[in-house]
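**Q** Structure of the sequence below:
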Amino acid sequence: MPLSEMAIGQRLRLVRVLGGNRLKRRLLALGLNVGGELEIVQRRGGGVVLARGGNRVALGAGIAQKLYVEPID
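**A** Down below sits the predicted model:
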């Protein structure tokens, strides 16, 4: 399911990135990698603010739609 459709406060695991190497490198630089856990802490328009460890990362709506996640129970 795309990250853009998930609810605030949900703990998630990134399972797939629908984008090229440039997007994947950018996400790695932000600390987001496939298999990594994250949490949605805020929505801003179509974008989201994620918590990953002690860091917060803001992503726009276009990128949020390209990231596929699964909920962690």
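**Q** And the pLDDT for the closest residue to G19 other than its chain neighbours?
**A** Leaving aside its sequence neighbours, G19 sits nearest to K66 (Cβ to Cβ, 6 or more residues apart in numbering; 4.9 Å). (C-beta placed from N, C-alpha, C; glycine too.) Per-residue confidence at K66 stands at 96 (pLDDT).
**Q** neighbours around K66, how many?
**A** Residues lying near K66 (other Cβ atoms under 10 Å) number 17.
**Q** Then G60?
**A** Using other Cβ under 10 Å, G60 has 13 neighbouring residues.
**Q** list the contacts for it?
**A** Contacts for G60 (Cβ atoms under 8 Å, 6 or more residues apart in numbering) come out as 46-47.
**Q** ok, now L50?
**A** Counting by Cβ under 8 Å, 6+ apart, the residues that L50 touches are 32, 38-41, 56-59.
**Q** E5: which of these is nearest?
**A** Using Cβ to Cβ, the shortest approach to E5 within these belongs to I40, at 10.5 Å.
**Q** Wait, a helix at that closest one?
**A** No - per DSSP: H, G, I helix; E, B strand; the rest coil, I40 lies outside any helix segment and is strand.
**Q** So what's the model's average confidence on the biggest helix by length in the chain?
**A** Ranked by residue count, the top helix of the chain under DSSP state H comes out as helix 21-29. Average pLDDT, helix 21-29: 94.
**Q** mind listing what's buried in that helix?
**A** Neighbour-count burial for helix 21-29, counted by 16 or more other Cβ atoms under 10 Å, picks out L27.
**Q** Stretch 44-63 now?
**A** Using 16+ other Cβ under 10 Å as the test for burial, stretch 44-63 gives 47-48, 50, 52, 59, 63.
**Q** Just send the contacts of L50 back as JSON lines, with distance to E70 and pLDDT too.
**A** Formatted as JSON lines, the contacts of L50 follow (distance: Cβ to Cβ, whole Å; pLDDT from 0 to 100):
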{"residue": "L32", "distance to E70": "15", "pLDDT": "93"}
{"residue": "L38", "distance to E70": "11", "pLDDT": "94"}
{"residue": "E39", "distance to E70": "13", "pLDDT": "95"}
{"residue": "I40", "distance to E70": "13", "pLDDT": "95"}
{"residue": "V41", "distance to E70": "18", "pLDDT": "96"}
{"residue": "R56", "distance to E70": "21", "pLDDT": "95"}
{"residue": "V57", "distance to E70": "19", "pLDDT": "94"}
{"residue": "A58", "distance to E70": "22", "pLDDT": "94"}
{"residue": "L59", "distance to E70": "17", "pLDDT": "95"}
